[in-house]
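K.L.:
Please find the sequence and the predicted model below.
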Amino acid sequence: MTFSFDYLYYYNKAETNEIMYNYGLNRIPSHRHRIIEDTELENHSIYLIGFNDLYDIDNRVPSHILTRLSELENTHLYAKHDFFINVNATIDNIYKLIINYKIKSNNIWIVVAYEFQKQEIEKQLFKLGLTPINIIAFDPYLNQIYNQVINHNIKPEISFKTLLPKRFSAFSRRYEYWRFKFFCDLIENNLLDKFYYTFTNGHPESVPYPHEIITKEQLKNLDNVKQISKNKEDIHTWIDNMPYCLDLLEQSNSFPLKIYELYKKSHINIVLETSPFNAFTGIIITEKTYRAISMARPFILFTSNMGLTLLKNSGYETFEPVIDESYSRVDQSIESKCKAIVKETMRLASMSDTEFYNVIQNLQEIANYNFKNFMQLGSKNILTNSITATGPILWNSIL
């Protein structure tokens with residue numbers, strides 16, 4: 001019989017083969033999952049059972065296996081969760097592990113993305129009278145941009161006396177149909193010349209991802225281009241003349257550090273996040289948003305409707321009422337969200353220089369506050385959430 005552990009490790013200082021992280025932690029191949037029942041396990045010092053989440057534990061692992069784990073003094077369970085986790089389901093399964101299967105609370109380890117998620121789980125466990133478990137809050141996207149800013153000494157422009165060269169910026173390194181629609185809408189409304197932008201690093205002959213394979217003729221024949229009633233020729237001209245690498249330095253599949261200069265030379269960033277869909281699971285905020293925050297830039301967030309709420313829960317401030325953020329409350333239609341964002345962009349673009357300058361001064365105060373919050377959170381966000389590269393702080397605690 002095999003079980004649905006995502007990974008299983010054992011620790012033995014006497015072992016020398018396939019040693020990991022200099023801690024003697026060895027991965028057991030998936031076809032040897034039944035090793036958990038074998039007496040040879042008792043010869044090892046520690047066992048680490050890993051899951052990519054802590055949901056539905058009863059169906060994923062047979063009860064006699066969990067009972068067996070509780071008999072082993074140094075068995076640890078490690079769970080890495082999605083960015084938007086189901087806290088109630090997680091609490092239910094922690095309760096089962098501790099109460100039903102007698103697994104020690106200090107042998108349960110969970111990684112979540114955000115500090116407020118950690119605090120909510122701890123709060124619920126306290127209400128249930130359960131001994132606290134080990135919870136680590138770590139956001140890899142925050143870590144990525146924070147380290148880039150620190151290691152390369154990138155500093156934002158936090159004040160200015162005159163307007164910058166462009167009012168807006170929008171950066172995309174990968175083709176997505178909704179991002180293409182956004183740029184078409186900008187062209188249709190004569191807005192693109194107010195932007196610093198990148199569109200895609202896709203190439204019709206050699207691309208890292210299959211969905212980036214799209215030719216210029218295919219772009220012209222997409223439905224949203226055919227349906228355009230005005231400026232269609234401008235869009236065709238833009239498609240004809242666009243390079244297939246628009247990241248300025250022609251470094252495919254990466255954003256060069258010089259991209260930060262475009263943030264500094266523009267006022268408001270339209271963040272084209274990984275996904276605009278209103279889902280309750282999966283990644284919501286990535287390096288794209290953190291890059292704008294790290295440059296102390298006001299932003300409009302083209303992502304799921306949970307995006308702004310998630311930022312607020314992490315201590316950031318958003319820009320309403322100076323920026324109309326009703327775009328984050330529209331229905332699930334991508335077209336509706338795109339239309340709302342372009343409408344707000346048009347409103348800001350139509351302002352006189354004096355009016356826009358006054359608006360930006362108000363927005364910049366919030367952006368500067370967000371930058372300070374980003375730096376504080378980044379300095380505390382120090383552990384990796386990858387089981388294959390977890391830092392010594394976690395392993396020292398376990399071992």
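P.N.:
Cool, the structure landed.
K.L.:
what ranges do the strands span in the stretch 51-200 of the chain?
P.N.:
Secondary structure of the stretch 51-200 of the chain, counting by DSSP state E, counting those that start in this stretch: strands at 75-80, 108-112, 134-137, 166-171, 195-198.
K.L.:
Walk me through which strands the third one pairs with, and which way each runs.
P.N.:
Note on strand 134-137: by DSSP bridges, its sheet partners are strand 108-112 (parallel).
K.L.:
how big is the angle separating the partner strand from strand 75-80?
P.N.:
Following axes from the mean of the first three to the mean of the last three Cα atoms, to 10 degrees, one obtains 10 degrees for the angle between strand 108-112 and strand 75-80.
K.L.:
Dump strand 108-112 to CSV, restricted to CA.
P.N.:
Taking C-alpha atoms only, strand 108-112 is exported to CSV below (Å, rounded to 0.1, in the frame of the first residue of the first chain):
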residue,chain,number,x,y,z
ILE,A,108,3.6,19.9,14.0
TRP,A,109,5.1,22.5,11.7
ILE,A,110,3.1,24.7,9.3
VAL,A,111,4.3,27.3,6.8
VAL,A,112,1.9,30.1,5.7
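K.L.:
ok, Lys118 touching Asn134?
P.N.:
No - taking contacts as Cβ atoms under 8 Å, Lys118 lies outside contact range of Asn134: 10.4 Å. From N, CA and C alone the C-beta is placed, and that goes for glycine too.
K.L.:
and the strands of the stretch 51-200 of the chain as CSV, adding distance to Met346 and mean pLDDT?
P.N.:
As requested, the strands of the stretch 51-200 of the chain are exported to CSV (distance: least, Cβ to Cβ, whole Å; pLDDT from 0 to 100):
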stretch, distance to Met346, mean pLDDT
strand 75-80, 42, 74
strand 108-112, 39, 85
strand 134-137, 39, 86
strand 166-171, 11, 95
strand 195-198, 13, 90
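K.L.:
okay if I get these as JSON lines plus distance to Met351 and mean neighbour count?
P.N.:
Output for the strands of the stretch 51-200 of the chain, formatted as JSON lines (distance: least, Cβ to Cβ, whole Å; neighbours: other Cβ atoms under 10 Å):
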{"stretch": "strand 75-80", "distance to Met351": "46", "mean neighbour count": "22"}
{"stretch": "strand 108-112", "distance to Met351": "41", "mean neighbour count": "23"}
{"stretch": "strand 134-137", "distance to Met351": "40", "mean neighbour count": "19"}
{"stretch": "strand 166-171", "distance to Met351": "9", "mean neighbour count": "22"}
{"stretch": "strand 195-198", "distance to Met351": "16", "mean neighbour count": "20"}
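K.L.:
Which one, of these, ends up nearest to Asn373?
P.N.:
strand 134-137 (14.9 Å; Cβ to Cβ).
K.L.:
now the angle from the helix or strand where Leu363 lies to strand 166-171?
P.N.:
Using DSSP states H and E, Leu363 sits in helix 353-380. Per the same axes, to 10 degrees, the angle that helix 353-380 makes with strand 166-171 is 40 degrees.
K.L.:
Who are the packing partners of helix 353-380?
P.N.:
helix 140-151, strand 266-272, helix 287-294 (3 or more Cβ pairs under 8 Å, 6 or more residues apart in numbering; DSSP states H and E).
K.L.:
could I get these as TSV with distance to Arg329?
P.N.:
Putting the helices and strands packed on helix 353-380 into TSV (distance: least, Cβ to Cβ, whole Å) gives the following:
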stretch	distance to Arg329
helix 140-151	24
strand 266-272	17
helix 287-294	18
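K.L.:
Glu273 touches Arg291, doesn't it?
P.N.:
No - the pair Glu273 / Arg291 is not scored as a contact, 11.1 Å apart, by Cβ under 8 Å.
K.L.:
Who has more neighbours out of the two?
P.N.:
Arg291 (24 against 18; other Cβ atoms under 10 Å).
K.L.:
and the closest residue to the more buried one other than its chain neighbours, what does it touch?
P.N.:
Using Cβ to Cβ, 6 or more residues apart in numbering and skipping the chain neighbours, the partner closest in space to Arg291 is Ile145 (5.5 Å). Ile145 makes contact with 287, 290-291, 294, 378, according to Cβ atoms under 8 Å, 6 or more residues apart in numbering.
K.L.:
Let me know the closest of those residues to Gly315.
P.N.:
Once Cβ to Cβ is applied, the member of these that ends up nearest Gly315 is Gly378, at 12.0 Å.
K.L.:
What number of residues are in the vicinity of that closest one?
P.N.:
By other Cβ under 10 Å, the burial measure for Gly378, its neighbour count, is 21.
K.L.:
Report the contact partners of it.
P.N.:
142-143, 145-146, 149-150.
K.L.:
What separation do you get for the residue nearest to Arg291 and Lys372?
P.N.:
15 Å (Cβ to Cβ, to the nearest Å).
K.L.:
Over to Tyr78?
P.N.:
Taking Cβ to Cβ, one finds Tyr78 at 33 Å from Lys372.
K.L.:
could you dump stretch 342-353 to CSV, C-alpha only?
P.N.:
This file holds the C-alpha atoms of stretch 342-353, laid out as CSV (Å, rounded to 0.1, in the frame of the first residue of the first chain):
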residue,chain,number,x,y,z
VAL,A,342,-8.9,51.7,-18.0
LYS,A,343,-11.7,54.2,-17.1
GLU,A,344,-9.9,55.2,-13.9
THR,A,345,-6.7,55.5,-15.9
MET,A,346,-8.4,57.8,-18.4
ARG,A,347,-9.7,60.0,-15.6
LEU,A,348,-6.2,60.4,-14.1
ALA,A,349,-4.7,60.9,-17.6
SER,A,350,-7.2,63.7,-18.5
MET,A,351,-6.2,65.9,-15.5
SER,A,352,-4.3,69.0,-16.0
ASP,A,353,-0.7,68.9,-14.9
